[in-house]
Each structure stands twice: as structure tokens, then as C-alpha cells.
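# Just to be clear, the model below is a prediction. Sequence and coordinates:
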Amino acid sequence: MDDFDLIVSSFKSEYGVSIYSEDFKKMTWAEFSSLLCGLGADTPLARTAQIRLENNENVLKNFTSSQHKIRNKWRSRTANKRTQTDINTALHDFEMIFANM
């Protein structure tokens, strides 16, 4: 599942809204951004983000093979594109998003 699919399924499960609907096409960017930030921790996007960002060794030991696959795919995809400062900034941003949920 790619990132767009995660957004589609998360909006559907959280709000019952189809991204492909006419109502959604009329949505402003500000409204979309607000809904995206308001997604709950139990949505596919949030669960995947939590898996991707997990660094606690005790938690990682209990990951399923599917969770390791998600995390490793993300880490290999972003390893060559991000500096440590970029990573720290992104982690902080995600922490703030989840803290505000």
C-alpha cells in the first residue's frame, strides 16, 4: 500500500469520506489539511507512521514480519534522501501531530 492509499483508506475509515467523491473535490486545502491533521491514531496512515518512526528496541523486538517490512521499506527509501537534521525535524513534526490528536 502506498502513501496515497493510506490517506484514502484513513479518510474513509475516520470520516466516511471518499477522496474520489464530488464533495471532496470541492474541499479547500485548509479543510483537507485540518482533516488530515485530525486523523486518529487508529487509522491506517497513523499506524503506518508509528511503525515507520519506531526506534524503541523493546517495541521493535515484538514487531511482526509485516511491521518490519513496512519499517525497513521506509528506512531504505528515505536513507539516502534525508540528512539527520531532516529526520529529527520530521520526527518532531510527527510527534507534534500525534500529540495534538
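Cool, got the structure.
# make it CA atoms for all contacts and neighbour counts henceforth
Will do.
# any residues touching stretch 24-43, and which ones?
Residues outside stretch 24-43 that contact it (C-alpha atoms under 8 Å, 6 or more residues apart in numbering) are 9-11, 13-14, 17-19, 46-47, 97-98, 101.
# how about this structure, which residue sits the furthest from its center?
In the chain, counting by C-alpha atoms, centre = their mean, residue 22 sits farthest out from the average C-alpha position, at 24.6 Å.
# And that one, how close does it get to residue 3?
Plainly put, residue 22 is 22 Å away from residue 3 if you go by C-alpha to C-alpha, to the nearest Å.
# Residue 57 too?
Applying C-alpha to C-alpha to residue 57 and residue 3 gives a distance of 25 Å.
# Which parts of this protein are helices?
Residue ranges of the helices in the chain, as given by DSSP state H, are 3-15, 22-25, 29-37, 44-53, 57-61, 65-79, 84-99.
# So which of the ones you listed has the densest surroundings on average?
With neighbours defined as mean count of other C-alpha atoms under 10 Å, these peak in mean count at helix 44-53, which reaches a mean of 18.
# Does anything pack onto that one? Which helices or strands?
In terms of contacts (3 or more C-alpha pairs under 8 Å, 6 or more residues apart in numbering; DSSP states H and E), helix 44-53 is packed against helix 3-15, helix 65-79.
# what angle do it and helix 29-37 make?
60 degrees (axes from the mean of the first three to the mean of the last three C-alpha atoms, to 10 degrees).
# Would you format the helices of the chain as JSON lines with mean pLDDT included?
What follows is the helices of the chain, written out as JSON lines (pLDDT from 0 to 100):
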{"stretch": "helix 3-15", "mean pLDDT": "91"}
{"stretch": "helix 22-25", "mean pLDDT": "87"}
{"stretch": "helix 29-37", "mean pLDDT": "90"}
{"stretch": "helix 44-53", "mean pLDDT": "91"}
{"stretch": "helix 57-61", "mean pLDDT": "92"}
{"stretch": "helix 65-79", "mean pLDDT": "86"}
{"stretch": "helix 84-99", "mean pLDDT": "78"}
